[in-house]
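Asker: What would the 3D arrangement of this be:
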Amino acid sequence: MTDPGDAPAGNATRSHARGVPRQRHTSGSATSGSATSRSAPSRTGSRARPKAGAGRRARPLRRGRRILRTAAISLSVLVLATAGVGWWFYEHLNGNLHSVPLTDGTGDSAGKEKADSFGRTPINLLVMGSDGRTNASDCKLGGGCSRTGVQSGSNADVEMVMHISADRSNATVMSIPRDTVTTVPACKDTETGVSTNGYTGMVNSALQYGPACQVATVHRLTGIPIDHFVKLDFSGVVKMSDAVGGVSACVDKDVYDTYSHLKLAQGTHTLKGVAALEFVRSRHGFGDGSDLGRTYSQHLFLSSMIRKFKSAGTLTDPTAVYRLADAATKALTVDTGLGTIRKLIGLAADVDKVPAKRITFTTMQTAPDPHDSNRLVPAATAQSLFDTIANDQSLTSSSGGKTAAASATAKATATASAVPAAQIAVTVENGTTVTGRASAVATALIDKGFSSGTTTGNAAGTTSTTALTYGSGHKAEAQTAAKALGLPSSRLKQSDASGTGLTLVIGSDWTSGTAYPAAAPADTKAATANAHAETADQSKTCAKVSPYKTVSLNGVAMTPTQAYRAAAGTKDSAP
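Answerer: Prediction:
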């Protein structure tokens with residue numbers, strides 16, 4: 001028999017759980033200038049002959065001392081000069097960096113990493129590629145400024161969450177397609193003053209309200225804690241590819257993307273400067289001509305760059321290192337946690353510890369947006385990929401399980417709040433197709449000492465993932481409730497609405513029992529299903545040119561390979 005107000009999700013009826021009163025919401029050495037000095041000649045016995053052999057010993061001794069003094073002074077000058085150049089170099093690079101706080105203008109948290117049993121924590125870095133035409137250089141590279149001129153806003157057309165494991169043995173890079181529709185929270189760019197009260201839209205649009213807003217949006221979408229971010233613009237890609245002497249990339253067929261202007265013959269090429277930019281920007285040249293195909297080719301480009309960084313000699317040439325460091329720091333905007341050269345070097349060292357064969361590139365699984373066929377939403381299977389990253393699991397284990405050194409899987413919030421359970425009321429909503437789920441969990445909460453003001457109801461629809469949402473000022477209470485229920489911290493989310501309390505929506509991941517099921521290590525095969533997973537050591541992989549008519553030449557739709565042959569007079573991007 002169905003409990004009133006606790007029918008399967010989708011029923012709009014709402015009432016109290018049996019015996020549960022209505023919820024009460026609460027608001028809740030300087031050196032001298034003279035290098036040497038000579039002693040005055042002896043005046044004893046003006047013409048006395050020295051003892052035999054005395055003169056022969058004196059001259060070499062004086063000459064030896066002069067040589068030693070000269071060598072010591074030369075060495076001192078060299079050390080001081082080198083130190084001076086080193087300090088100038090360090091300060092110069094620091095001066096290149098532009099940084100902003102991780103959560104600047106969002107009023108939100110980007111999550112917190114969970115330490116492993118040895119106290120080590122993983123790193124999650126959001127890499128953003130901006131499409132902004134905010135200066136003349138980017139206008140020339142990106143185009144589109146002929147009518148508008150230099151623009152003020154930008155979108156994050158490239159978004160990758162880079163996860164480095166706590167033990168630094170493996171890494172995962174997950175792309176989020178720019179066409180994904182999600183919730184953008186209330187944000188304000190403190191540098192430009194542009195703000196939003198929040199909306200539903202394309203994930204890449206959050207960058208218009210500052211990089212911190214993009215961080216907050218990705219964190220809400222995935223539940224993955226974000227520790228740092230780096231943002232790169234068009235000219236940055238050109239500078240970086242030139243600084244490393246070009247990046248090797250392969251295409252499996254002739255390709256001409258008439259939109260990004262990438263034109264390459266079948267085979268392997270070394271991409272520098274603008275050619276590199278054309279390759280990573282091309283979305284019509286690869287795959288199905290959508291943003292998904294672009295993420296795959298970007299992974300191949302980055303894998304090649306990683307292999308080059310790790311190859312012998314790449315980072316041992318001082319001139320090359322300077323070019324690379326100068327280009328990188330001029331091209332990047334980072335969060336303040338990465339706002340010094342020392343911190344960036346530390347991050348680079350962490351990445352360098354991971355073998356290329358244990359760096360996995362994936363793309364978030366998606367499905368068509370039911371409201372717009374040109375847009376995407378996360379597929380149900382994406383949650384497993386999110387969980388492997390949030391729970392520090394490697395995707396390179398051949399058995400599909402966790403690595404031995406990976407941290408424990410999702411657990412209840414480690415630190416309990418000081419707020420007594422009796423002062424906490426929770427609205428429990430059934431987001432499953434199982435009758436009575438909200439009532440069962442609400443009763444369990446009251447039995448654990450939570451407020452009798454706890455209520456039940458039905459969610460607006462079915463949901464695959466359980467989530468405990470809390471209003472501003474109620475985070476401590478949410479942590480107490482999460483611990484009581486066994487919810488992992490990844491299931492806690494702050495609400496956009498002010499003054500709201502705690503709302504627990506039970507998803508299909510919790511269809512029985514009153515304690516959230518302990519998370520077993522995620523099945524990495526499931527996590528990477530349809531995620532186009534490849535490791536960075538796969539040097540023989542070529543980008544798949546689209547077989548569809550995704551480009552247009554002289555008003556005629558054609559495949560990128562047909563366009564290449566039809567544009568024989570157009571110069572290739574690279575030899």
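Asker: residues in contact with residue 575?
Answerer: Listed by C-beta atoms under 8 Å, 6 or more residues apart in numbering, the contact partners of residue 575 are residue 269. C-beta here means a position set from N, CA and C on the backbone, and glycine is covered the same way.
Asker: since we're on residue 447, how many residues are nearby?
Answerer: The number of residues packed near residue 447 is 9, by other C-beta atoms under 10 Å.
Asker: List phi and psi for it.
Answerer: Backbone torsions of residue 447, given as degrees, to the nearest 10, read phi -60, psi -30.
Asker: That one and residue 505, how far apart?
Answerer: Counting by C-beta to C-beta, to the nearest Å, the separation of residue 447 from residue 505 is 21 Å.
Asker: And for residue 246?
Answerer: Relative to residue 505, residue 246 is positioned 51 Å away (C-beta to C-beta).
Asker: what's around residue 275, how many residues?
Answerer: Neighbourhood size, residue 275 [other C-beta under 10 Å]: 23.
Asker: actually residue 292, not the one I typed
Answerer: Residues lying near residue 292 (other C-beta under 10 Å) number 19.
Asker: In contact with the residue nearest to it when sequence neighbours are not counted, which residues?
Answerer: Spatial nearest neighbour of residue 292, chain neighbours left out: residue 177 (5.7 Å); criterion: C-beta to C-beta, 6 or more residues apart in numbering. For residue 177, the contact set (C-beta under 8 Å, 6+ apart) comprises 290-292, 295, 363-364, 366, 376.
Asker: which among those residues gets closest to residue 214?
Answerer: Using C-beta to C-beta, residue 364 comes nearest to residue 214 of these, at 15.1 Å.
Asker: Surely that closest one touches residue 176?
Answerer: Yes - Residue 364 is within contact range of residue 176, at 5.1 Å (criterion: C-beta atoms under 8 Å).
Asker: Common neighbours of the two, please.
Answerer: Residues within reach of residue 364 and of residue 176 at once, by C-beta under 8 Å, 6+ apart, are residue 222.
Asker: can you map out the helices along the stretch 151-300 of the chain?
Answerer: Secondary structure of the stretch 151-300 of the chain by DSSP state H, counting those that start in this stretch: the helices cover 211-222, 234-243, 273-281, 291-310.
Asker: So which of the ones you listed is nearest residue 171?
Answerer: Using C-beta to C-beta, the nearest of those to residue 171 is helix 291-310, at 9.7 Å.
Asker: That closest one packs against which elements?
Answerer: Using 3 or more C-beta pairs under 8 Å, 6 or more residues apart in numbering; DSSP states H and E, the elements in contact with helix 291-310 are strand 171-175, strand 247-251, helix 273-281, strand 359-363, strand 534-535.
Asker: Pull up the pairing partners for the shortest one, direction included.
Answerer: The reference is to strand 534-535. strand 359-363 (antiparallel) (DSSP bridges).
Asker: can you give me the angle the partner strand makes with strand 171-175?
Answerer: 20 degrees (axes from the mean of the first three to the mean of the last three C-alpha atoms, to 10 degrees).
Asker: other SSEs contacting whatever helix or strand comes next after strand 359-363?
Answerer: Downstream of strand 359-363, the next assigned helix or strand under DSSP states H and E is strand 366-369. If you count contacts as 3+ C-beta pairs under 8 Å, 6+ apart, strand 366-369 packs onto strand 372-378.
Asker: Go through stretch 565-575 and flag the buried ones.
Answerer: 573-574 (16 or more other C-beta atoms under 10 Å).
Asker: What average pLDDT does it get?
Answerer: In this model, stretch 565-575 has a mean pLDDT of 95.
Asker: Start from the N-terminal end of the stretch 451-575 of the chain and give the strands.
Answerer: Using DSSP state E, counting those that start in this stretch, the strands of the stretch 451-575 of the chain run over residues 455-458, 467-470, 492-494, 502-506, 534-535, 551-553, 556-558.
Asker: Work out for me the element the most centrally placed residue in the chain sits within.
Answerer: Centroid check for the chain by C-alpha atoms, centre = their mean gives residue 126 as the closest residue, at 1.9 Å. Assigned by DSSP H and E, residue 126 belongs to strand 123-130.
Asker: how far off helix 291-310 does that strand point, in degrees?
Answerer: Taking the same axes, to 10 degrees, one finds strand 123-130 and helix 291-310 inclined to each other by 120 degrees.
Asker: angle of the helix or strand harbouring residue 429 against strand 502-506?
Answerer: For residue 429, the host element (DSSP H and E) is strand 426-430. Strand 426-430 runs at 20 degrees relative to strand 502-506, counting by the same axes, to 10 degrees.
Asker: what about the stretch 351-500 of the chain, any weak spots by pLDDT?
Answerer: The model of the stretch 351-500 of the chain has pLDDT under 70 over residues 397-418, 497-499.
Asker: dump the residue contacts of residue 291.
Answerer: Shown in contact with residue 291 (C-beta under 8 Å, 6+ apart): 177-179, 283.
Asker: how much space between the residue lying closest to it once chain neighbours are set aside and residue 329?
Answerer: Leaving aside its sequence neighbours, residue 291 sits nearest to residue 177 (C-beta to C-beta, 6+ apart; 4.4 Å). In this view, residue 177 and residue 329 are 29 Å apart by C-beta to C-beta.
Asker: now swap in residue 164 and tell me
Answerer: For residue 164 relative to residue 329 (C-beta to C-beta), the value is 21 Å.
Asker: The two: who's more crowded?
Answerer: The residue with more neighbours, out of residue 164 and residue 329, is residue 164; 24 against 18, by other C-beta under 10 Å.
Asker: Spit out the contact partners of the more buried one.
Answerer: If you count contacts by C-beta under 8 Å, 6+ apart, residue 164 has them with 122-125, 171, 350-351, 354.
Asker: Can you tell me which of those residues is closest to residue 461?
Answerer: residue 124 (29.8 Å).
Asker: Enumerate every residue touching the closest one.
Answerer: Counting by C-beta under 8 Å, 6+ apart, residue 124 has contacts 113, 161-164, 224-228, 389.
Asker: From the residues you listed, which land in strands?
Answerer: With strands defined by DSSP state E, the entries of the contacts of residue 124 inside them are 161-164, 228.
Asker: Tell me the strands beside the strand holding residue 126, with direction?
Answerer: Checking strand 123-130 against DSSP bridges gives partners strand 156-164 (antiparallel), strand 228-232 (parallel).
Asker: Out of these, flag the one nearest residue 526.
Answerer: strand 156-164 (17.4 Å).
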